[in-house]
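Engineer: Kindly return the folded structure for what I paste below:
(one chain, ligands or ions: 1)
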Amino acid sequence: MLAGLTPALIDRGYWVTVIARDATRLAALGHGMAPNPPSITPLALDYHDGNKLHKWVEHVQLMQGPLDLVVAWVHEPRDEVLRIVGEEVLAYRHDAWRLIDVRGIQSRLESPKDILPETCQYQRVQLGYVQIPEGYRWLTHTEIVEGVLQTVDDPKTPVTTVGLTTLPVPSELC
Ligand SMILES: NC(=O)c1ccc[n+]([C@@H]2O[C@H](COP(=O)([O-])OP(=O)(O)OC[C@H]3O[C@@H](n4cnc5c(N)ncnc54)[C@H](OP(=O)(O)O)[C@@H]3O)[C@@H](O)[C@H]2O)c1
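Structural biologist: Numbering: from 1, shown residues only. Presented below is the predicted three-dimensional model:
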């Protein structure tokens with residue numbers, strides 16, 4: 001989904017840590033990318049395993065320094081995942097950092113700000129759908145990545161909407 005974000009963030013000078021469960025797909029992420037080896041740390045873990053998430057977010061910060069940008073597109077239950085990330089970042093940095101929270105159209109709209117530290121600058125990317133002559137379609141990976149990058153490049157915009165988000169959601173997308 002967000003694989004295309006990694007090279008774009010590296011181009012912007014970020015060292016990118018990527019979490020996913022499938023180690024093989026994670027390892028393939030940097031193939032063909034410059035610099036060689038690319039600035040990627042793959043973390044093969046289930047983000048719903050709170051103990052492992054705590055441990056590895058801490059480990060990455062000990063090795064590479066505190067995180068300054070977190071892009072999260074997390075399946076429910078999501079609050080605990082965001083809370084753990086917030087707690088671990090706060091343990092290693094006391095100045096401002098950013099969380100970009102990517103939400104699907106079905107996702108509830110409340111902000112998780114109350115579970116995040118005050119130093120977290122929270123931004124949301126709200127994903128929708130696209131109307132086409134035949135009906136509706138999901139956003140493509142490229143459209144989603146472009147929406148996230150727009151948010152990365154504009155720290156002051158609290159919410160970026162990609163596509164149409166008016167409800168009711170077309171039944172063929174549910
Ligand atoms: N609004 C739109 O236009 C639009 C477009 C496309 C999709 N969607 C919706 O977006 C949602 C996500 O899409 P998807 O199902 O294709 O992707 P997905 O299964 O959520 O996977 C996305 C990424 O997250 C990782 N991931 C998923 N669960 C994880 C976990 N528990 N721990 C660590 N990493 C995890 C996956 O890698 P691993 O599998 O290796 O862990 C993958 O890299 C779906 O509900 C889909 O309906 C919406």
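Engineer: which residue ranges form the helices in this protein?
Structural biologist: Taking DSSP state H, the helices of the chain run over residues 5-11, 23-28, 50-64, 79-92, 141-153.
Engineer: Make CSV from those and add mean pLDDT and mean neighbour count to it.
Structural biologist: Bear in mind the C-beta positions are built from the backbone N, C-alpha and C, glycine included. Compiled in CSV, the helices of the chain are given as follows (pLDDT from 0 to 100; neighbours: other Cβ atoms under 10 Å):
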stretch, mean pLDDT, mean neighbour count
helix 5-11, 94, 18
helix 23-28, 90, 12
helix 50-64, 97, 15
helix 79-92, 97, 18
helix 141-153, 97, 17
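Engineer: could these be laid out in CSV, adding distance to the ligand?
Structural biologist: As requested, those are arranged in CSV below (distance: least, Cβ to the nearest ligand atom, whole Å):
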stretch, distance to the ligand
helix 5-11, 11
helix 23-28, 5
helix 50-64, 9
helix 79-92, 8
helix 141-153, 6
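Engineer: Compare those helices and report which one is nearest to Glu134.
Structural biologist: Proximity to Glu134, assessed across the helices of the chain by Cβ to Cβ, is greatest for helix 141-153 (17.4 Å).
Engineer: distance between that closest one and the chain's centre?
Structural biologist: Chain-centre distance of helix 141-153: 10 Å, with Cα atoms, centre = their mean, to the nearest Å.
Engineer: Show me what it is packed against.
Structural biologist: helix 5-11, strand 69-72, strand 97-103, strand 120-127, strand 159-162 (3 or more Cβ pairs under 8 Å, 6 or more residues apart in numbering; DSSP states H and E).
Engineer: Parallel or antiparallel, list what pairs with the second one.
Structural biologist: Strands flanking strand 69-72 in the sheet, each with its direction: strand 97-103 (parallel) (DSSP bridges).
Engineer: Same check on the longest one?
Structural biologist: Using DSSP bridges, strand 120-127 pairs in its sheet with strand 97-103 (parallel), strand 159-162 (parallel).
Engineer: Is the ligand within reach of the first one?
Structural biologist: What it means is strand 97-103. No. Using Cβ under 6 Å from any ligand atom, we find that strand 97-103 stays clear of the ligand, coming within 8.8 Å at best.
Engineer: Residues contacting that strand, please?
Structural biologist: Residues lying outside strand 97-103 but in contact with it, judged by Cβ atoms under 8 Å, 6 or more residues apart in numbering, are 2, 66-73, 82, 85-86, 89, 109, 112, 116, 119-127, 144, 148, 151-152, 155.
Engineer: between it and helix 141-153, what angle do the directions make?
Structural biologist: Orientation check (axes from the mean of the first three to the mean of the last three Cα atoms, to 10 degrees): strand 97-103 against helix 141-153 gives 150 degrees.
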